[in-house]
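Q: Pasting a predicted model and its sequence here:
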Amino acid sequence: MRDIAIIAFAQSANKRNEQIYNEAEILAPVAREALQKAGLKKEEIDFTCSGSSDYLAGQPFSFVIALNAIGAWPPIQESHVEADAAWALYECWIAMQADESINTSLVYGFGKQSMGSPRDVMNILNDPYVETPLWCDTISMAALQGRALIDAGLATERDFAAVAARNLKHAKSNPKAQCKGDFTVDELLRSPTLASPLRKHDCPPITDGACVVILAAGDTAKKLCKRPAWIRGIDHRIDVQAIGRRDLTRAPSAQIAAEKAGVGAGKVDIAELHALFTPQDIILRKELGLASDCVINPSGGVHQGNPMMGTGLVRFGEVADRIIRGEANRGVAHATQGPCLQQNMVAVLEGK
């Protein structure tokens, strides 16, 4: 297996209602920043892969429009996944393992949630025969998961608020953060519910944004980056789609992915969890086997911003950024998609 590392990460400021900019305009300065950090020209990228959703954009082939920000001339080797861009990163990792002529890859993800109603659009991820016709929006389904935790005696609404308070506090030091601030648990619990037991702080913000990660292999990574964030293990698994056939207090696919990626093989300094709703944070910490001294979501997690179809890739970038800067030695990046943690990807990044 080739040694592959993240050598650069950039993301846009997380904002809402940026409808005056299209996807390419949001993405272009982010791609430029990532290339500058890596010391590369766009012509020196061997493979490009993106993650986005035409359903979210409301038009076919939105990823082709976004290519204007990357540049498709001279002709480039390019691919795309209709999924969170963390899965585009996985495709790049596979391509670099399979083809030794690919030494650098550029991965990007973007989403404009202000174009419509993402909580309704994402209903298409549900079982098409039973759940989609019921039109269960994402917040309502996450509320079912939160209620399952409470009914099983595994968490309380105060525990959910504590997750939000932690993320919002961490986001204060993140210049790209959309939501931040010091809030006590009691203050958060006084806010009204959206779908019991979830309140506004238990749910992700609506975000327009983009992110870019650059990968490099072996000696190329060492040449371009003083301290690369090496991908030591990566795996993704899927649970059954129909939520009625699942124990919503668990995420077995996350546990298996963490085991295969080697999370338990050493001390984890930091972990970035793609927990769109606060109950999911509690589930993931247990499934990934994270110790109490592991710093969870130092970036602010999803509260810093939720550029849907890029949020999972941001988790990889945030862990890598801290390893590159020398603030952590070993970290875990997690991404998810599908209802109630149906699909999970886990990676271990190291600075050694």
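A: Great, that's in hand.

Q: CA only for contacts and neighbour counts going forward, please
A: Noted.

Q: Where does the most centrally placed residue in the chain sit: helix, strand or coil?
A: Closest residue to the average C-alpha location of the chain: residue 312 at 1.1 Å, with CA atoms, centre = their mean. Following DSSP: H, G, I helix; E, B strand; the rest coil, we place residue 312 in the helix state.

Q: do you know how far it is from residue 9?
A: Residue 312 sits 13 Å away from residue 9, going by CA to CA, to the nearest Å.

Q: Can you pull the phi/psi pair for residue 112?
A: phi -120, psi 90 (degrees, to the nearest 10).

Q: ok, and the closest non-adjacent residue to it?
A: residue 208 (4.3 Å; CA to CA, 6 or more residues apart in numbering).

Q: repeat for residue 345
A: Residue 345 sits nearest to residue 236 (CA to CA, 6+ apart), 4.0 Å away.

Q: Helix or strand: which one has that neighbour?
A: Using DSSP states H and E, the element containing residue 236 is strand 229-238.

Q: Can you name the next helix or strand after that strand?
A: Immediately after strand 229-238, counting by DSSP H and E, sits helix 252-261.

Q: Could you please name the strands the very next helix or strand once past that next one pairs with and the direction of each pair?
A: Helices and strands here follow DSSP H and E; after helix 252-261, the next one along the chain is strand 270-272. When pairs are called by DSSP bridges, strand 270-272 turns out to pair with strand 295-296 (parallel), strand 330-337 (parallel).

Q: packing partners for the helix or strand residue 64 falls within?
A: Assigned by DSSP H and E, residue 64 falls within helix 62-70. Judged by 3 or more CA pairs under 8 Å, 6 or more residues apart in numbering; DSSP states H and E, the packing partners of helix 62-70 are helix 23-38.

Q: Can you list the helices and strands that the helix it packs on packs against?
A: strand 4-11, helix 62-70, strand 104-112, strand 208-217.

Q: Only alpha carbons, please: show the helix or strand just after the longest one as CSV.
A: Using DSSP H and E, the next helix or strand after strand 208-217 towards the C-terminus is helix 218-224. Backbone C-alpha positions of helix 218-224 (Å, rounded to 0.1, in the frame of the first residue of the first chain) are rendered in CSV as follows:
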residue,chain,number,x,y,z
GLY,A,218,4.9,9.2,-0.6
ASP,A,219,7.9,11.3,-1.4
THR,A,220,5.7,13.9,-3.2
ALA,A,221,3.9,14.5,0.1
LYS,A,222,7.1,14.9,2.0
LYS,A,223,8.4,17.3,-0.6
LEU,A,224,5.3,19.5,-0.6
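
Q: Could you give the average pLDDT over helix 218-224?
A: The pLDDT scores in helix 218-224 average 97.

Q: still on that earlier bit, the residue nearest to the centre of the chain contacts residue 336, correct?
A: Yes: taking CA atoms under 8 Å as the definition, residue 312 is a contact partner of residue 336 at 6.6 Å.

Q: Could you tell me which residues touch both of these two?
A: Common contact partners of residue 312 and residue 336 (CA atoms under 8 Å, 6 or more residues apart in numbering): 84, 274.
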